[in-house]
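Undergrad: Below is the sequence, then the predicted model.
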Amino acid sequence: MPTLRQSYHNALTSLSARTGTPLPSLVLSFAVLHELTAIIPLAGIFFASRQLGFGERVVGQFIRSDTPRDEPSWLNDHLSQWVDEGERWAERVGYRYGIFGFAKGQPLVATDRQASRVIAGDVANAVFAYGIVKALLPVRIGLSLYLSPSFSRRVLDPIRLRVSRLFRKS
């Protein structure tokens, strides 16, 4: 009986043979596409929600502790968790790069966030974009898997061939 590793290796090897692309190139193209399918929607959703004012309205629905939830549900739990993760992410990125209204290099103070549970402006838009991109994870993975062979053939293989020509003896 094959192990889990062997079954994955066999499936990836057959995919590589079927598509005509080397296995390392397929893995690298999946990784690049997976990151691109996160960064591009994150920026697009951030700027769209900034322009339309969605961020504050949507995020505001999940941080109000005075509104009781009728029943705990998987969706509400995950959305609230993603809002918290998104807020921490926005703070880290904001303090590191001086964006979203944070001063660059300013130390993160945990008591400020807990004292005031108001997320506004660009932070709310960043949290909203983070949550949407997080919710789109299954779509992003499927899209990355589907596009990996063609991305490998059209983008990575020409780069690999050019680099190998540089190091080849003349």
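TA: Happy to help now that I have it.
Undergrad: all helices for this structure, in order.
TA: All helices of the chain, identified by DSSP state H, fall at 4-19, 23-52, 54-63, 74-97, 110-115, 121-135, 137-151, 157-167.
Undergrad: What number of residues are in the vicinity of Ala17?
TA: By the criterion of other Cβ atoms under 10 Å, Ala17 has 10 neighbours. C-beta: built from backbone N, CA, C; applies to glycine.
Undergrad: and it, what does it touch?
TA: By Cβ atoms under 8 Å, 6 or more residues apart in numbering, the contact set of Ala17 is empty.
Undergrad: Quick check: it vs Asn125, distance?
TA: Using Cβ to Cβ, to the nearest Å, Ala17 is found at 45 Å from Asn125.
Undergrad: do Leu42 as well
TA: Using Cβ to Cβ, Leu42 is found at 11 Å from Asn125.
Undergrad: which of these two has more neighbours?
TA: Between Leu42 and Asn125, counted using other Cβ under 10 Å, the more crowded position is Asn125 (27 against 17).
Undergrad: List the buried residues of stretch 77-96.
TA: Neighbour-count burial for stretch 77-96 flags Leu79, Trp82, Val83, Gly86, Glu87, Ala90, Glu91, Gly94, Tyr95 (criterion: 16 or more other Cβ atoms under 10 Å).
Undergrad: Next up, the contacts around the spatially most central residue of the chain.
TA: Computing the C-alpha centroid of the chain and ranking residues by Cα atoms, centre = their mean puts Ala38 first, at 3.6 Å. Applying Cβ under 8 Å, 6+ apart, we find Ala38 in contact with Val133, Arg140.
Undergrad: Relative to Gly86, how far out is it?
TA: From Ala38 to Gly86 the distance is 13 Å (Cβ to Cβ).
Undergrad: What residues does Gln61 make contact with?
TA: Listed by Cβ under 8 Å, 6+ apart, Gln61 has no contact partners.
Undergrad: gap between it and Gly131?
TA: Gln61 is 11 Å from Gly131, by Cβ to Cβ.
Undergrad: what do you get for Asn76?
TA: Looking at Asn76 against Gly131, where the rule is Cβ to Cβ, the gap reads 13 Å.
Undergrad: more crowded one of those two?
TA: Neighbours were counted for Asn76 and for Gly131 using other Cβ under 10 Å; Gly131 has more, 23 against 13.
Undergrad: how close does the nearest residue to that one once chain neighbours are set aside get to Gly142?
TA: Residue nearest to Gly131 in three dimensions, not counting chain neighbours: Trp82, with 4.3 Å by Cβ to Cβ, 6 or more residues apart in numbering. Separation of Trp82 from Gly142 (Cβ to Cβ): 20 Å.
Undergrad: Kind regards, and thank you for your time.
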